[in-house]
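K.L.:
Sequence plus predicted model, see below.
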Amino acid sequence: MKGPETKIGKIDLSIFSNFILKRLGAEDDTVLVPPFTGVDAGVVDLGDGKVLIVAEDPIFGISGQPLDLFGWYAVHIGASDVAVMGVKPRYMTYTLLMPPETDDIDFRTIVDAIHQAALELDIAIVGGHTGRYPGLAAPLIGGVTVFAVAEEGGYVTPRGARPGDDVILTKGPAIEAAGILATVRENALLKSHPKDLVERAKALCKEMSVVKDAMVAVEAGGVTSMHDATEGGVIGGLFEVANASGVGMIVDEASFIYPEEVKMICDFFGIDPVAAIAEGALIITAKPGSSEEIIRRLHSAGIRASVVGTVTADPGERVMNRSDGRTVPLEIPEQDPFWPVFFESMMDPSG
């Protein structure tokens with residue numbers, strides 16, 4: 001049973017660093033990029049100038065959300081963790097676990113949606129596991145694992161940011177938090193907000209992917225690192241890039257793209273947008289001379305982006321200048337503010 005002080009979501013950085021990272025099985029010198037906070041995928045040397053890039057994620061369904069959308073983002077969330085390494089996702093496996101009462105129509109809807117999303121991204125499904133089991137409240141993806149093969153040296157990692165690089169952010173903060181909460185609390189929101197604004201917020205769920213963002217940025221050139229801002233939001237993701245790269249970072253919130261619907265959701269629920277889960281927002285560091293072309297190409301692809309800061313040489317200099325005039329440290333929030341609101345919403349979606 002969860003105690004009242006238990007953190008919801010990913011485990012603390014200290015537990016990850018001091019416990020999990022010391023329990024990684026056998027040492028193997030072919031592992032080029034091992035697990036590390038902020039690093040989205042592992043890299044393994046295959047020999048002959050080739051490397052394997054692999055990432056894994058669990059995917060939970062959301063009450064009130066269509067099952068075909070659940071299948072869509074199961075693929076995109078997994079694929080995003082490979083794409084941020086600068087490599088096109090190519091293969092995947094997934095485990096679909098369902099309550100025994102899941103009917104055949106729902107089962108087929110999920111599988112068809114996964115198949116279609118994989119087709120759209122040109123990903124081959126090469127294995128997995130599917131079954132019905134007691135104890136589950138709703139269908140979930142126990143794990144989606146996405147793979148790609150790349151040339152040795154033909155990828156980037158969140159460890160690549162260098163002093164002088166620009167920091168670019170796509171879409172803005174709290175993309176996932178706003179999309180999900182608009183879905184599960186739609187009735188409550190409609191009591192005080194226009195329907196078209198609520199619908200725009202719900203539509204953010206289809207922005208929960210950085211596959212296109214990452215591929216466009218890499219093709220533009222000059223990218224030194226990329227990272228998908230997920231739990232802990234943009235402020236946590238920025239810290240993870242700076243920490244992984246051993247650099248400093250100065251970021252200005254006033255330079256963020258802030259969709260109106262994100263502001264609305266975060267204000268309504270009293271959530272700090274920079275700290276809330278932001279799947280779909282891509283953090284990019286890039287050589288300064290490349291930023292303009294990266295942003296131009298992103299805009300041409302329908303993806304809004306802006307330069308929000310710069311990388312510095314001093315690891316002790318990791319700060320965000322907030323829009324209200326405060327200067328705060330870049331850090332992983334003790335608790336992503338999305339999760340308590342989400343689970344409260346599951347208990348009373350109308351309130």
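P.N.:
Done, it's in.
K.L.:
Ignoring the adjacent residues along the chain, who's closest to Val307?
P.N.:
Once flanking residues are discounted, Val307 sits nearest to Asp166: 4.9 Å by CB to CB, 6 or more residues apart in numbering. Yep, even glycine has a C-beta here, placed from its N, CA and C like the rest.
K.L.:
same deal with Val211?
P.N.:
Closest residue to Val211 apart from its sequence neighbours, by CB to CB, 6+ apart: Ala83 at 4.5 Å.
K.L.:
Now the residue nearest to Val307: phi and psi?
P.N.:
phi -80, psi 150 (degrees, to the nearest 10).
K.L.:
Ok, Val319 next?
P.N.:
phi -140, psi 160.
K.L.:
OK, contacts around it?
P.N.:
Neighbouring residues of Val319 by CB atoms under 8 Å, 6 or more residues apart in numbering: 249-251, 327-330.
K.L.:
how far away is it from Arg304?
P.N.:
Distance of Val319 to Arg304, computed by CB to CB, to the nearest Å: 24 Å.
K.L.:
cool, Pro66 as well?
P.N.:
Going from Pro66 to Arg304 by CB to CB gives 25 Å.
K.L.:
quick one: terminal-to-terminal distance for stretch 92-106?
P.N.:
Criterion CA to CA, to the nearest Å; first-to-last residue distance in stretch 92-106 is 22 Å.
K.L.:
and the residue nearest to Val211, how many neighbours?
P.N.:
31 (other CB atoms under 10 Å).
K.L.:
Give the full set of residues in contact with it.
P.N.:
89, 210-211, 213-215.
K.L.:
Those residues into a markdown table, with extra columns for neighbour count, pLDDT and distance to Thr312?
P.N.:
Output for the contacts of Ala83, formatted as a markdown table (neighbours: other CB atoms under 10 Å; pLDDT from 0 to 100; distance: CB to CB, whole Å):
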| residue | neighbour count | pLDDT | distance to Thr312 |
| --- | --- | --- | --- |
| Pro89 | 28 | 98 | 32 |
| Val210 | 32 | 97 | 25 |
| Val211 | 25 | 98 | 30 |
| Asp213 | 26 | 98 | 24 |
| Ala214 | 30 | 98 | 24 |
| Met215 | 17 | 98 | 28 |
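K.L.:
among those, which are in helices?
P.N.:
Counted as lying in helices by DSSP state H, out of these, are 211, 213-215.
K.L.:
Can I get the residues you listed in JSON lines including distance to Asp272?
P.N.:
Compiled in JSON lines, the ones in helices among the contacts of Ala83 are given as follows (distance: CB to CB, whole Å):
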{"residue": "Val211", "distance to Asp272": "27"}
{"residue": "Asp213", "distance to Asp272": "23"}
{"residue": "Ala214", "distance to Asp272": "26"}
{"residue": "Met215", "distance to Asp272": "30"}
